[in-house]
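K.L.:
structure for this input, please:
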Amino acid sequence: QQTVLGTICTAKLNSQGSTMDFQSQLAAIRKEAQDKWNKQNKKRKDMNNDDDEQECPPPNSASAPPKKFKQSHVPAAHATTTPSTGRKFAGDRFFLNRFPNQPPHPCTIQLPDLICKHSLQKGILSTFTMEDPNWVFGHFKPSTPITIVKHWDKQSEKQGHFLVKENISCLHPKMEGAYGAMHAKWMILLFDNFVRVVVTSANLTQGDYAAVVQCFWVQDFPKGNKGGSPSDFQLQLYDFLCTIELDPSFLDEYDFSDAKVDLVASVPGTHKGSKYQQYGIVRVHELLKRYDVIPEGTNITGTKKRTQTTLAPTTKKQKNDKTKQTTLTFAPTSSSSSSSSSSAIDTTTGAQCSCSDSTVYFGMSSIGGLNDKWWSWVSNCVAPQNKNGVQLVFPTYATASVSEEAKAGNGVMCLSAKSWAAPTFPKGIMCKYVNNAIYTPKNYLSHAKIMCQLQHTNGVDHFGWMMVGSHNASIGALGRPNKQETQLTMYNYELSVFFKPQATSVSTKQAQFPIPFAFPPPSYGEKDMPWQHNLSVN
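P.N.:
Next up is the predicted model:
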C-alpha cells in the first residue's frame, strides 16, 4: 500500500546530458525507484516501532534562522476557519498573500485557497523551515497523504526519506557544501481530475503567511496526457524532482502543454556542458534570448564591466515627494521578432518599447556576499545593454525598524553589516522598498522575490519580463561562473517561474501582476542605510 507520493530515486540524470535525452533516462529512474520502494515498503512495515522511522526530524534545525514570528500576532483560528473557495488557477498571473483582517482582493490569496483540504487527495510541499507542524497539518484532513520536503541540519539531522506516520513522510534532499540550503518553496497538490503546481516565496510557517508579503504563482493542469513530446515546463519540473530524489512518474497522466510560464531552478553542485545553461541566472539569460528580449548572439563572456554609481544625495524635493501608486502591466512584445534592437510594439497604439536597454529591478529579502565583480556578471546575464544593470530593492533601516515584521521579530530581511561595509559592495545599485498601498498594508515588509524589467511607453512605466519565486541575491541561489565561464557553481535548491513579455496591449493587462513595492522604486540617498539583520532595532 503506497500512501506517499514520492519514492527515493537513486538513479540520477547524467550531469553531462541534456534535456533532450531525459525521457530515456527517466525510464531507468522509474524502474529503479519502484524496486527501491518495494524493498523499503517491506522494511518500513517490519520497523513500525523504530524511533528513527516513526519520529519526524526536529522542525527547527540549527542552521535555520531564529524563530521569526510571535504567535500572538496572528489569530489562532485564522488559517483553519477560512472556507475553501474552490477557485481555479490559469497560471497567467501571480498573487500576494492576504493578511488577517485585510479585505479580499482579486490579487491576494490565502493558504486554504490553494490546499482545498476537503477535495485534496495527495500533496507534496517544500519549505526551508517549518516551525509548527501542527499548524501545517491543520490545513489538511488527517488522512490525506502528505510529503514534506525541507531543509535539514547536517549536525543534528540526516539525509533521507523518512516515514513519519502512515500517511506523512519527510524528505531531506542531498546537500552540497557547508552553506547549501533547501530554499525552494513549492507545492504539488493532486485533486480528482487535475494537479495544482504552486511556486512561492513562503515557508510553511504561520509568520510567513501573516506577517510579511509573499508571492504565489499557481496553475492547474488537467488529467489526460495528449502524448507527443513533453513540454519544456514538464521536463524542467521532472528534472528538479529527480534531483531531490522524488520519482516524477505520478505526473505522467497530466497535461502540461498549456503551462503559462517557464521554470527557473537552481540545484546544488557545479554544472557544466549543457547543464551550465539549465540553472540559475544563466537559465534566465537563455530564456531572454529565446524570447528575443536580448539578441540571440549575446554572450555573457567578454561583456564590459559596469561602473557602479555612488549613492545619490537626497534633495529636499525628494523628501517631500510622495511615491505615486500605480497599477502596472506587462509590456507587449512579439516573441517571433528577430530584431537586434529587441523592441516590442504596442498592438493598440503602435508605440515602440525597448526591452534590452531597460532597467531590471530585483526585490528580495536576502543579500548574500555581494561584490561588484560578481554582480556585474549577473547584470550582464539579464541586462547586457543597460548601464544600470540590475538594481536591488531592499528596505532601509528607517523603513524596517518601524514595520510590523520588525516589531514581531521575524528577521527575514538578511544583509550583514560586514557585507555592507565591504569596499567591493556595489552600493550604487540599492533602491528603497516602499510598500505598494494598492496591494499591501502599511509597514509590512516583503519576503517575495521578484525580478522584473521596467519599460517606458508613451510616458507610462510598465513591465517587460518577470521572474517570481524563491531566488535571492546570492551566489548560492543564482550561481557563480568558473573555469572561464564553462562551469556554474551554486549551493541552494531554488525554484522560480519566468513570465515572458506578452503580445497583448497594455490596457488589457491591468492588475494581474501585483508588485508589492512602489514601481519604479526610488534610489537610496547618501544618508540611507539598509536594514542589517545583525543590528538591533533599538
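K.L.:
from here on, contacts and neighbour counts on C-alpha atoms
P.N.:
Noted.
K.L.:
can you map out the helices along the protein?
P.N.:
22-46, 51-54, 78-81, 111-115, 133-137, 206-210, 232-243, 280-290, 316-320, 372-382, 397-400, 404-407, 417-421, 475-478 (DSSP state H).
K.L.:
the ones you listed: lowest mean pLDDT?
P.N.:
For these, mean pLDDT drops lowest on helix 51-54, to a mean of 28.
K.L.:
may I have stretch 483-493 as PDB, with CA atoms only?
P.N.:
The C-alpha trace of stretch 483-493 is given here as PDB (Å, rounded to 0.1, in the frame of the first residue of the first chain):
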ATOM      1  CA  LYS A 483      36.600  27.800 -15.400                       C
ATOM      2  CA  GLN A 484      36.300  30.700 -17.800                       C
ATOM      3  CA  GLU A 485      32.500  30.600 -17.600                       C
ATOM      4  CA  THR A 486      32.300  27.000 -18.700                       C
ATOM      5  CA  GLN A 487      31.000  25.900 -15.200                       C
ATOM      6  CA  LEU A 488      28.400  27.200 -12.900                       C
ATOM      7  CA  THR A 489      28.600  26.600  -9.200                       C
ATOM      8  CA  MET A 490      25.600  27.000  -6.800                       C
ATOM      9  CA  TYR A 491      24.700  25.700  -3.300                       C
ATOM     10  CA  ASN A 492      20.900  26.000  -3.000                       C
ATOM     11  CA  TYR A 493      17.800  24.300  -4.200                       C
END
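K.L.:
rounded mean pLDDT for it, please.
P.N.:
93.
K.L.:
tell me the buried residues in that stretch?
P.N.:
487-493 (16 or more other CA atoms under 10 Å).
K.L.:
and of those, the nearest to Arg196?
P.N.:
Tyr493 (20.6 Å; CA to CA).
K.L.:
which stretches of the stretch 51-200 of the chain have low pLDDT?
P.N.:
51-85 (pLDDT under 70).
K.L.:
what do you get for the stretch 251-400 of the chain?
P.N.:
301-357.
K.L.:
ok, now with 50
P.N.:
302-310, 312-357 (pLDDT under 50).
K.L.:
over to the stretch 401-538 of the chain?
P.N.:
For the stretch 401-538 of the chain, the ranges with pLDDT under 50 are 409, 505-508, 536-538.
K.L.:
residue ranges for the strands of it, please.
P.N.:
430-432, 449-457, 460-469, 473-474, 480-482, 487-490, 492-499 (DSSP state E, counting those that start in this stretch).
K.L.:
relative to Glu526, which of the ones you listed is closest?
P.N.:
strand 430-432 (10.9 Å).
K.L.:
list the helices and strands that closest one packs on?
P.N.:
The helices and strands touching strand 430-432, judged by 3 or more CA pairs under 8 Å, 6 or more residues apart in numbering; DSSP states H and E, are strand 390-394.
K.L.:
what lines up beside the strand it packs on in the sheet?
P.N.:
strand 360-363 (parallel), strand 430-432 (parallel) (DSSP bridges).
K.L.:
residues making contact with the shortest one?
P.N.:
Outside strand 430-432, the residues within contact range by CA atoms under 8 Å, 6 or more residues apart in numbering are 391-396, 521-524.
K.L.:
save those residues as JSON lines, and put in neighbour count too.
P.N.:
As requested, the contacts of strand 430-432 are arranged in JSON lines below (neighbours: other CA atoms under 10 Å):
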{"residue": "Gln391", "neighbour count": "22"}
{"residue": "Leu392", "neighbour count": "23"}
{"residue": "Val393", "neighbour count": "27"}
{"residue": "Phe394", "neighbour count": "29"}
{"residue": "Pro395", "neighbour count": "27"}
{"residue": "Thr396", "neighbour count": "19"}
{"residue": "Pro521", "neighbour count": "21"}
{"residue": "Pro522", "neighbour count": "15"}
{"residue": "Ser523", "neighbour count": "20"}
{"residue": "Tyr524", "neighbour count": "25"}
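K.L.:
just flag the most distant two among those residues.
P.N.:
Gln391 and Thr396 (14.5 Å).
K.L.:
so which of the buried residues of stretch 483-493 is the closest to Val293?
P.N.:
Leu488 (22.7 Å).
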